[in-house]
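Novice: with the sequence up front, the predicted model follows.
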Amino acid sequence: MEDDTQSSLAAAAAAAAPPRRSGRERRQAESVYADATAAAAAKRRKSRAAEASETRKRKPADEDVADDEDEEQSLVDFSVGKEGAVSFSSQEPVKLVRKWPTNIGKSDDWGREMNPGGTIWESSVDRSEFQSVDGDKIFHYNNWRSHHELSYGANVTFERAQRALVAKQQDQQSIKLECKFSVESKLTQVPYHENMMQCYDYFTAGVKTCRELECFKISDYNLPPSPWLGSNILPVLDRNSRLETLELSNCSLSAADFSSLVTLLAGNKSISSFDISRSNIESVETVKALAKAIKKHPTLRNVNLAYCSLGNGSIDALKKMLKACKSCDSLEIGHEDFNAKCGAAVAKFIGEKNSLVSFSLLGATLDKASKKAMADAIVKNKTIKNLCLRSNKLQLPGIIRNSKKTSNALSRLTHLDLSCNKLSSQGAKMMAAFIEKPECKLVTLILSNNHLTSKGADVLLPAVKKNASLQHLDLSANWLSDAVAPAVLDLLKDNSQLLTLDLSGNNSLRTHKEVRTRSERGWGWDYKLKDAGCAKIVKGALFDIASLDALVRSNHVCVVKMKGGNRGDLYEETIRKINALNVSNGKKIKLKIILARTVGEKPKDLLESQKLDQLPLELMPYLLAFSQLELGYNNYGAEVMPTEAPRCLEERTGPYWNGLTRRYVEDSKDPRLSRLYDVIVASQNLPLLFARGPGEALEKVVQKKKNGKSNKPRKRRKFGDEADDDEDEAWIPKGVKRKSGKWTRDWRTGVEEYIPPSAY
């Protein structure tokens with residue numbers, strides 16, 4: 001009977017128990033619980049912020065000021081999607097959360113009151129609520145939670161953008177709103193979301209306080225939808241009669257925004273530089289209206305329409321714009337939707353008489369006929385000095401021919417940019433022949449991202465060495481390898497005109513390479529690091545510490561950029577900063593010697609006694625002071641230190657981080673005294689520095705007293721004189737009374753001892 005009762009109870013319990021969930025159902029339940037927990041936490045934070053706001057309102061003014069001083073950093077919560085997961089479509093949920101500390105406090109940097117709780121993104125959003133030219137690049141798929149979310153790069157971009165919007169501008173006459181993107185984010189524009197509108201409102205209120213604006217720039221921001229720009233920003237700019245520069249590049253402007261810009265430009269008479277690059281003007285009528293405003297503008301000289309689609313590639317719109325810019329000094333134009341007719345129209349415009357000094361054609365593909373027409377037009381033109389043909393799919397040198405007529409026509413160019421094309425070895429020979437000619441006046445040559453190989457560079461760099469005018473050379477993002485190092489070394493050693501050389505982005509140009517050798521154990525291999533191209537360039541031409549003379553003969557003028565940082569025993573960043581200083585070569589050599597000593601290396605003949613004995617005696621005090629200098633000590637050499645500089649030597653109470661050597665230093669002993677001792681020991685003539693008097697050439701001057709009696713000056717002894725010290729002991733300075741000695745008695749022995757007075 002009892003068994004039946006127990007079995008019935010077990011059956012009833014099993015029937016009442018909930019069904020067993022699968023793994024997917026459990027994960028969904030956990031996700032719902034996590035979302036509910038996050039929503040509850042957000043609600044609590046909001047209530048606490050409201051209570052804090054009411055508390056501040058009730059406090060007197062003096063207590064409020066004290067709270068502002070104590071709370072230097074407040075946590076502003078810019079969060080997206082706090083209320084759980086929402087679908088992009090019907091099946092893909094998204095949860096976007098981001099918060100960070102900021103120094104906004106109770107009032108923003110414009111001096112106006114700000115909500116103490118900051119901006120809270122509580123509403124759920126989906127992918128369609130973000131506006132950006134980057135599209136899905138701002139999202140990534142979370143495999144663990146099986147949904148999309150905001151990428152880390154987009155989170156960082158949102159943080160930087162909102163900080164910039166509420167930050168105080170350094171110059172009230174110039175407003176610049178820019179955002180730096182990390183390479184990993186792969187973003188080109190700050191996305192827009194409706195929850196950012198509060199930051200844009202703060203920015204608008206700050207702009208309205210400016211009365212004498214001369215420069216207004218917004219770059220790489222997807223601005224709020226129309227009519228935000230036309231109703232908030234442009235009316236303020238219209239009231240500023242001193243506005244000279246207006247830039248709204250890569251801002252995703254709408255048709256209404258372009259209409260407002262045309263109205264502003266038509267009524268303005270002070271703007272000299274106008275930039276709306278990386279925008280799309282779809283309406284042909286809008287393009288024609290903009291061209292009319294540019295043509296009639298009295299002071300407009302620089303127009304930037306780079307990567308702008310003008311009427312979706314309309315040839316009529318392009319001709320109107322080119323004709324309007326005929327009297328400008330600088331013009332940048334081009335887009336990927338330019339066809340062959342557009343290329344021919346641009347070539348014809350360049351060949352005609354105009355006032356252009358600088359011309360850039362970017363992103364437009366030129367076919368064979370357009371390339372020939374462009375070469376002929378450049379020869380006909382008599383005014384262009386700065387020429388840029390970027391991303392035109394040219395087989396370089398293209399526009400440069402081996403003819404006297406072409407060479408004479410191109411001799412007026414001072415800036416030539418042919419990046420993002422293709423430069424073969426044969427093209428490098430033609431370019432080298434043009435550069436080494438005496439009539440070539442190029443100051444800047446940019447050949448980045450041109451598939452240039454080391455073989456082509458071996459032909460080009462010797463020609464650069466012969467050129468007397470070239471100061472800036474850019475060979476970045478090419479196909480250069482370690483084999484180009486000898487040609488670069490030869491260029492840097494024999495050319496003192498070149499100021500900058502960019503070799504960054506050449507992945508085959510390495511710092512070190514791994515060498516495999518047979519192990520001494522008899523089996524296996526040993527792997528060692530050996531200097532590769534970058535290390536050979538730095539140690540052979542810029543920072544040669546084989547000897548003091550070699551270091552002096554190194555190049556101290558050219559700023560060479562390769563890998564960008566201080567890697568291993570290669571201090572490229574610090575040396576680049578030293579060469580970039582606007583000081584004499586002597587100060588640069590001094591900094592390089594101190595750098596070598598700071599990192600534990602030094603020229604072999606730096607402290608040789610023969611070198612020191614050849615120095616004049618008057619320079620020895622400077623040498624003693626120089627021997628105690630160290631980068632980072634008392635903020636010495638702060639302008640050339642890396643981003644993470646070492647602590648001052650006065651703070652060496654324990655292990656500290658050295659930014660140059662990139663390691664923790666545990667020895668707290670000061671090495672400067674050791675270096676000072678080494679200098680004193682190595683020099684044989686240094687004791688002469690401490691001799692009394694300037695030497696044997698001292699003229700005897702007879703000083704006459706007021707009563708007419710002559711008094712010979714006291715004879716001064718030289719170092720090593722064996723004369724008695726009685727004269728020194730008897731002589732005391734004028735106005736000082738002679739002190740008397742005193743007797744002391746030792747209480748242990750009872751012996752009394754007389755202690756004479758000091759001489760002074």
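Specialist: Received the coordinates, thanks.

Novice: list the contacts for K577?
Specialist: Going by CB atoms under 8 Å, 6 or more residues apart in numbering, K577 touches E639, V640. Using the backbone N, CA and C atoms, a C-beta is placed for each residue, glycine as well.

Novice: any idea of the pLDDT on it?
Specialist: With respect to pLDDT, K577 has a value of 92.

Novice: past the host helix or strand of it, which element shows up next along the chain?
Specialist: Using DSSP states H and E, K577 maps to helix 572-580. Once the chain leaves helix 572-580, the next helix or strand it forms, by DSSP H and E, is helix 585-598.

Novice: helices or strands up against that following helix?
Specialist: helix 548-553, helix 572-580 (3 or more CB pairs under 8 Å, 6 or more residues apart in numbering; DSSP states H and E).

Novice: buried ones in it?
Specialist: K588, I589, K590, L591, K592, I593, I594, L595, A596, R597, T598 (16 or more other CB atoms under 10 Å).

Novice: where's the dip in pLDDT among those?
Specialist: Among the buried residues of helix 585-598, pLDDT bottoms out at T598, giving 75.

Novice: and the residue nearest to that residue when sequence neighbours are not counted, how many residues sit next to it?
Specialist: With sequence-adjacent residues excluded and distances taken as CB to CB, 6 or more residues apart in numbering, T598 is closest to L631, at 4.7 Å. Per other CB atoms under 10 Å, the neighbour tally for L631 reads 23.

Novice: so L631 sits against I594, correct?
Specialist: Yes. Under the criterion of CB atoms under 8 Å, L631 makes contact with I594 at 5.7 Å.

Novice: overlap in contacts, the two.
Specialist: G637.

Novice: three-state assignment of the residue nearest to T598?
Specialist: Secondary structure for L631, judged by DSSP: H, G, I helix; E, B strand; the rest coil, is coil.

Novice: how about Y527?
Specialist: strand.

Novice: which residues touch it?
Specialist: So Y527 contacts E514, V515, R516 (CB under 8 Å, 6+ apart).

Novice: could you do K466 as well?
Specialist: I435, E436.

Novice: could you redo the last one with a cut-off of 6 Å?
Specialist: Neighbouring residues of K466 by CB atoms under 6 Å, 6 or more residues apart in numbering: E436.

Novice: same deal with S469?
Specialist: K441, V443.

Novice: list the contacts for V560?
Specialist: Residues near V560 by CB under 6 Å, 6+ apart: L501.

Novice: tell me the strands beside the helix or strand it falls within, with direction?
Specialist: For V560, the enclosing helix or strand under DSSP H and E is strand 559-561. Strand 559-561 has the following sheet partners, assigned by DSSP bridges: strand 500-502 (parallel).

Novice: now the partner strand: buried residues?
Specialist: T500, L501, D502.

Novice: do the same with stretch 191-198
Specialist: Those would be P191, Y192, H193, N195, M196, Q198, for stretch 191-198 by 16+ other CB under 10 Å.

Novice: quick one: mean pLDDT over the host helix or strand of A377.
Specialist: Element membership for A377, per DSSP H and E: helix 368-380. For helix 368-380, mean pLDDT rounds to 89.

Novice: what lies in contact with whichever helix or strand comes after it?
Specialist: Later in the chain than helix 368-380, the nearest helix or strand by DSSP H and E is strand 386-390. Here strand 386-390 makes contact (CB under 6 Å, 6+ apart) with S358, S360, L361, L362, L413, H415, L416, D417, L418, S419, C420.

Novice: so for strand 386-390, mean pLDDT?
Specialist: 94.

Novice: how about stretch 308-318?
Specialist: On average, stretch 308-318 scores 92.

Novice: list the contacts of that stretch.
Specialist: Looking at stretch 308-318 with CB under 6 Å, 6+ apart, the contacting residues turn out to be S279, N280, I281, E282, V284, V287, H335, D337, K341, C342, A345.

Novice: name the nearest residue to the fifth one, sequence neighbours excluded.
Specialist: In space, V284 comes closest to G311 once its chain neighbours are excluded; the distance is 3.9 Å by CB to CB, 6+ apart.

Novice: helices of the stretch 301-450 of the chain, start to end?
Specialist: Assignment of helices within the stretch 301-450 of the chain using DSSP state H, counting those that start in this stretch yields the ranges 315-324, 340-351, 368-380, 404-410, 425-435.

Novice: buried stuff in the fourth one?
Specialist: Of the residues in helix 404-410, those buried under the neighbour-count criterion (16+ other CB under 10 Å) are T406, S407, A409, L410.

Novice: quick revisit: pull the most distant pair out of the contacts of stretch 308-318.
Specialist: The span of those, defined through CB to CB, is set by S279 and K341 at 22.1 Å.

Novice: neighbour count winner among the two?
Specialist: Taking other CB under 10 Å, S279 and K341 do not tie; S279 has more neighbours (22 against 13).

Novice: and that one, its phi and psi?
Specialist: Phi and psi for S279, reported as degrees, to the nearest 10, are phi -130, psi 160.

Novice: wait, it sits on A255?
Specialist: No. The pair S279 / A255 is not scored as a contact, 11.0 Å apart, by CB atoms under 6 Å.

Novice: figure out the helix or strand that Y200 lives in.
Specialist: Per DSSP H and E: Y200 is located in helix 197-208.

Novice: tell me the mean pLDDT for that helix?
Specialist: Mean predicted lDDT for helix 197-208 stands at 89.

Novice: could you point out which element follows that helix?
Specialist: Following helix 197-208 toward the C-terminus (DSSP H and E): strand 215-219.

Novice: before we move on, back to that, between the helices and strands packed on helix 585-598, which one is nearest to W144?
Specialist: So among the helices and strands packed on helix 585-598, helix 572-580 is nearest, using CB to CB, at 38.5 Å.

Novice: now that closest one: buried residues?
Specialist: Buried residues in helix 572-580, defined by neighbour count with 16+ other CB under 10 Å: E572, E573, T574, I575, R576, K577, I578, N579.

Novice: these into JSON lines, with extra columns for distance to L617?
Specialist: Converted to JSON lines, those look like this (distance: CB to CB, whole Å):
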{"residue": "E572", "distance to L617": "39"}
{"residue": "E573", "distance to L617": "38"}
{"residue": "T574", "distance to L617": "33"}
{"residue": "I575", "distance to L617": "33"}
{"residue": "R576", "distance to L617": "37"}
{"residue": "K577", "distance to L617": "34"}
{"residue": "I578", "distance to L617": "30"}
{"residue": "N579", "distance to L617": "33"}
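
Novice: now do the contacts for C215.
Specialist: When the contact criterion is CB under 6 Å, 6+ apart, the partners of C215 are S174, T245.

Novice: how does it look with 7 Å?
Specialist: S174, E244, T245 (CB atoms under 7 Å, 6 or more residues apart in numbering).

Novice: buried ones among these?
Specialist: Burial by neighbour count, 16+ other CB under 10 Å: within these this picks out E244, T245.

Novice: out of the contacts of C215, which comes closest to Y622?
Specialist: S174 (43.7 Å).

Novice: quickly list what the closest one is bridged to.
Specialist: Beta-bridge partners, per DSSP bridges, of S174: D171, C215.

Novice: how much space separates it from S272?
Specialist: Going from S174 to S272 by CB to CB, to the nearest Å gives 14 Å.

Novice: against L248, how distant is S273?
Specialist: According to CB to CB, S273 and L248 sit 12 Å apart.

Novice: of the two, which one has the most company?
Specialist: L248 (25 against 18).
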